[in-house]
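Novice: output the structure for:
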Amino acid sequence: MIEIIATAESLEQAEALIDAGADRLYVGGHPFGLRLPKPLSLESIGRISDLVHRRGKKITVACNALMHNEQISALAPYLSQLGKFGVDTVSIGDPGAIFVLRELGLPLNFIYDAGTLVTSAEQVAFWISQGASGAVAARELTLKELIEMQQKLDQPIEVQVYGPTCIHQSGRPLLKNYFKYTGGVEKNDQTLYLRDPKNPDSQYPIFEDTDGTHIFSTDDLSLMGQLKLMRENGLNTWKLDGVLLHGERFVQIVSLFAEARRALESGAFVPESFCNRLVKLQPAHRPLGTGFYLKNPEDVH
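Specialist: This is a model prediction of the structure:
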């Protein structure tokens, strides 16, 4: 069965995403969750959890930061509150955070999410043996590698099928330091970009939050054209990331992927038609691409 996971930035958007066909919502807050469309308070997460469960859906809370001492010290009460909310899973990649979760003995499942480290079935199998219910695959893997991984595992591998990918993160406030150095007025409204000197039209979105500085890909990933191949090979956990696309436009894109799922299940999926419809919904300044997914593994590593 195909599961659609979508990031949610508010209670209002959460309800719209469920109506659009999302099965699981992905939310979180600082300082434990990274690269969120909007960091949410515990109170807001609790309200979304209530909504999701009333509608028969699920919720995952991001705890995917690389934890420093102060974060680890504050993590136990945060996880305990998530346990009281009855959230379905938390996404964690830091072994120290996983240790805290296990020590608490909470009824919380966790998904192993260590970013670029999740590159083999054996690594996923190890964390499953430690209690993980699944894993988030590295975005730098190819579809060939992902298919080989999933065939060795009974638990699901989450694959990003839409949205930007983070290509660099620093824990330092690089934007703040830059504006301080240049004497300019600090600006951080997610309209700042880096450019490749060899490609003056390139735009790498860059923004800063309490977790540091994040630089994203010039393109948004789209695997709309590969959904049939994914389904045939057991890659049935699809993640749509709205970290750079807010509001109703992201809801419409989630709805289109949900429609594509129904077409796949009924045998009526025409990839060209759905790809064309996605292009019409996509912001003009964010072209769509397939990242590493369609490359030959030998050309990547």
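Novice: so who does the nearest residue to L221 once chain neighbours are set aside touch?
Specialist: Residue nearest to L221 in three dimensions, not counting chain neighbours: G291, with 5.0 Å by Cβ to Cβ, 6 or more residues apart in numbering. In this view, the C-beta of every residue, glycine as well, is placed from N, C-alpha and C. Contact analysis of G291 by Cβ atoms under 8 Å, 6 or more residues apart in numbering lists 139-140, 165, 217, 219, 221.
Novice: and those residues as CSV, adding pLDDT and secondary structure?
Specialist: Shown next, in CSV, are the contacts of G291 (pLDDT from 0 to 100; DSSP: H, G, I helix; E, B strand; the rest coil):
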residue, pLDDT, secondary structure
R139, 85, coil
E140, 85, coil
T165, 75, coil
S217, 64, coil
D219, 81, coil
L221, 88, strand
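Novice: how about those in JSON lines, adding neighbour count and distance to P95?
Specialist: Below are these laid out as JSON lines (neighbours: other Cβ atoms under 10 Å; distance: Cβ to Cβ, whole Å):
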{"residue": "R139", "neighbour count": "22", "distance to P95": "21"}
{"residue": "E140", "neighbour count": "18", "distance to P95": "21"}
{"residue": "T165", "neighbour count": "19", "distance to P95": "24"}
{"residue": "S217", "neighbour count": "19", "distance to P95": "28"}
{"residue": "D219", "neighbour count": "16", "distance to P95": "32"}
{"residue": "L221", "neighbour count": "23", "distance to P95": "28"}
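Novice: got those as a markdown table, with distance to F126 columns?
Specialist: As requested, the contacts of G291 are arranged in a markdown table below (distance: Cβ to Cβ, whole Å):
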| residue | distance to F126 |
| --- | --- |
| R139 | 20 |
| E140 | 20 |
| T165 | 25 |
| S217 | 29 |
| D219 | 32 |
| L221 | 27 |
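Novice: and of those residues, the nearest to E122?
Specialist: In terms of Cβ to Cβ, no member of those lies closer to E122 than E140, at 17.4 Å.
Novice: spatially, and excluding backbone neighbours, which residue is closest to that closest one.
Specialist: Using Cβ to Cβ, 6+ apart and skipping residues adjacent in sequence, the residue nearest E140 is F292, 5.2 Å away.
Novice: before we move on, what about I48?
Specialist: Excluding its sequence neighbours, the residue lying closest to I48 (Cβ to Cβ, 6+ apart) is A14, at 4.7 Å.
Novice: next: I147.
Specialist: The shortest distance from I147 to any non-neighbouring residue, by Cβ to Cβ, 6+ apart, is to N233 (4.4 Å).
Novice: and stretch 230-244, how far out from the chain's middle?
Specialist: 10 Å (Cα atoms, centre = their mean, to the nearest Å).
Novice: end-to-end on that stretch?
Specialist: Using Cα to Cα, to the nearest Å, one end of stretch 230-244 lies 25 Å from the other.
Novice: tell me which residues in it are buried?
Specialist: 230-231, 234-244 (16 or more other Cβ atoms under 10 Å).
Novice: now those residues in TSV, with pLDDT?
Specialist: TSV is the format used below for the buried residues of stretch 230-244 (pLDDT from 0 to 100):
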residue	pLDDT
M230	97
R231	97
G234	96
L235	97
N236	97
T237	97
W238	98
K239	97
L240	98
D241	95
G242	94
V243	88
L244	82
